[in-house]
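Participant: here is my input; please provide its structure:
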Amino acid sequence: MSFSLLFLDIETTGLRPHESDLLELSAVRISPDFSKETAVFDELVFTESAIPPFVQKLTGISNDLLTDAKSFDEVHSQFRDFLQPNDIICGHNISFDVGFLSHHGYTIENKTLDTFPL
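Facilitator: Model prediction:
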């Protein structure tokens, strides 16, 4: 069975999923031979919560930038369509990203590969 590596990264208003909102969900799929990007997903997510100044400085995302962004439910639905069963989800401290999404009702069951130990 063929697989693809899907590099996932999220931006949030904080580190505690029960107190924080998702701001951005981004992913890049790489071909099995690692020679090219085969698909890109990148969506900002609307939040009514005030984005802390530290997070704005770190991510470059402000509440003004999110005025026309999609809701979490819309982004969740689009990403569910984007994600393929044979994607291996990779990222730095990927358990945070996958855990954050799971806490907000989006469970990802794909295999994961964390780059943090590297």
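
Participant: in the protein, which spans are strands?
Facilitator: 4-12, 22-30, 37-44, 87-91, 112-114 (DSSP state E).

Participant: JSON lines please, covering the ones you listed and showing mean neighbour count, distance to P53 and mean pLDDT.
Facilitator: No exception for glycine: its C-beta is placed from N, CA and C like everyone else's. Shown next, in JSON lines, are those (neighbours: other CB atoms under 10 Å; distance: least, CB to CB, whole Å; pLDDT from 0 to 100):
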{"stretch": "strand 4-12", "mean neighbour count": "19", "distance to P53": "15", "mean pLDDT": "96"}
{"stretch": "strand 22-30", "mean neighbour count": "20", "distance to P53": "14", "mean pLDDT": "97"}
{"stretch": "strand 37-44", "mean neighbour count": "14", "distance to P53": "18", "mean pLDDT": "97"}
{"stretch": "strand 87-91", "mean neighbour count": "19", "distance to P53": "25", "mean pLDDT": "96"}
{"stretch": "strand 112-114", "mean neighbour count": "15", "distance to P53": "29", "mean pLDDT": "97"}
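
Participant: who wins for proximity to L66 among the ones you listed?
Facilitator: Of all the strands of the chain, strand 37-44 sits nearest to L66, with 5.7 Å by CB to CB.

Participant: what angle sits between that closest one and strand 22-30?
Facilitator: 180 degrees (axes from the mean of the first three to the mean of the last three CA atoms, to 10 degrees).

Participant: output strand 37-44 as PDB - backbone C-alpha positions only.
Facilitator: Provided in PDB are the C-alpha atoms of strand 37-44 (Å, rounded to 0.1, in the frame of the first residue of the first chain):
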ATOM      1  CA  GLU A  37       4.500  18.600  -2.700                       C
ATOM      2  CA  THR A  38       1.400  17.000  -4.000                       C
ATOM      3  CA  ALA A  39      -1.300  19.000  -2.100                       C
ATOM      4  CA  VAL A  40      -1.500  21.900   0.300                       C
ATOM      5  CA  PHE A  41      -4.200  22.800   2.800                       C
ATOM      6  CA  ASP A  42      -4.100  26.100   4.600                       C
ATOM      7  CA  GLU A  43      -7.100  27.800   6.300                       C
ATOM      8  CA  LEU A  44      -7.500  30.400   9.000                       C
END
